[in-house]
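> only the shape, not the letters, is given here:
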């Protein structure tokens, strides 16, 4: 790595003046070209690490959830239940609810994955991650959460959790991902948000009533996993039917060109 850009590279969205201050005389273009290569490397590394993962579920929740708390215990149960249902568990790799889900998955003999982010207030991946990677760029990291998961389970969390939740909802709403269930665990925690979306956002015409159908909310861990599994089975059924229809169409097209003798 060029020493001019490491380890003190400016933040991801630094302005030209900030880059010049950090690297006098280097110019913004040179730093931006290096940044593109780093972004590309993060995608390549992430895809390489997760390509053979198999079926998985991304679990989100607060890094501030305390070990031993009721929410931490629920996170462990989520990770364990997903592993027992045959899913790898992907989290942000940090402490709190993420650690709980990774711990539950590992304790149940499942695959425990951490997709971390380099932050000044988080000390790397939690000790229950078996397969992990740390990103600099949030957008590259979030791609991994969606690309390799069959659904989201969202535990109580803060701004980062809300960002991940609404990212998932936007992708489902716009058809960028299909048959992708989003399950919120904790009625007391999430009901106020759901009420606001319905009574303010939808009531003012900023969203469709059908958008709320994209979200499932429950207090029951087993129900959450069942929602994920049922949607996954339905998706597999649709994919199998699509492949069969395509194969039949190809056979018809091949047979139609035959010359009778």
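Structure's in. What do you need? These numbers were taken from a predicted model, which means no experiment stands behind them.

> show me what contacts the closest residue to residue 135 other than its chain neighbours?
Take residue 135 and drop its neighbours on the chain: the residue closest to it by C-beta to C-beta, 6 or more residues apart in numbering is residue 141, 4.0 Å away. In short, each C-beta sits where N, CA and C put it, glycine included. Applying C-beta atoms under 8 Å, 6 or more residues apart in numbering, we find residue 141 in contact with 42, 46, 92, 115-117, 135.

> could I get the average pLDDT for the top helix by length along the chain?
For the chain, the helix with the greatest residue count under DSSP state H is helix 221-256. Helix 221-256 shows a mean pLDDT of 83.

> one step back: so which pair among the contacts of residue 141 is furthest apart in space?
Using C-beta to C-beta, the pair of those lying farthest apart is 42 and 92, separated by 14.9 Å.

> more neighbours: the two, which one.
In this view residue 42 and residue 92 are compared by other C-beta atoms under 10 Å, and residue 92 has more residues nearby, 31 against 20.

> distance of that one from residue 154?
12 Å (C-beta to C-beta, to the nearest Å).

> and residue 100, by the same measure?
13 Å.

> higher neighbour count, these two?
residue 100 (31 against 25).

> so the more buried one belongs to a strand, correct?
No. Applying DSSP: H, G, I helix; E, B strand; the rest coil, one finds residue 100 to be helix, outside a strand.

> so which of the contacts of residue 141 wins on neighbours?
Going by other C-beta under 10 Å, residue 92 tops these with 31 neighbours.

> surely that residue and residue 117 touch.
Yes. Here residue 92 lies in contact with residue 117, judged by C-beta atoms under 8 Å, at a distance of 6.7 Å.

> sorry, back to before: which residues do residue 92 and residue 154 both contact?
Common neighbours of residue 92 and residue 154, using C-beta under 8 Å, 6+ apart, are residue 60.

> picking up where we left off before, quick one: buried residues of the longest helix of the chain?
221, 224-225, 227-229, 231-232, 235 (16 or more other C-beta atoms under 10 Å).

> repeat for stretch 130-142
Buried, per 16+ other C-beta under 10 Å, within stretch 130-142: 131-137, 140-142.

> now stretch 176-193
The neighbour-count check on stretch 176-193 (16+ other C-beta under 10 Å) flags 177, 179-186, 189-190 as buried.

> ends of it, what's the gap?
The straight-line separation of the ends of stretch 176-193 (C-alpha to C-alpha, to the nearest Å) is 24 Å.

> number of residues surrounding residue 112?
Neighbours of residue 112 (other C-beta under 10 Å): 26.

> keep only those of the buried residues of stretch 176-193 that are in strands.
Of the buried residues of stretch 176-193, the ones assigned to strands by DSSP state E are 182-185.

> pick the one among those residues closest to residue 78.
residue 185 (6.9 Å).

> quick check: next helix or strand after whichever strand or helix holds residue 80?
Using DSSP states H and E, the element containing residue 80 is helix 70-84. Later in the chain than helix 70-84, the nearest helix or strand by DSSP H and E is strand 88-91.

> no more questions from me, cheers.
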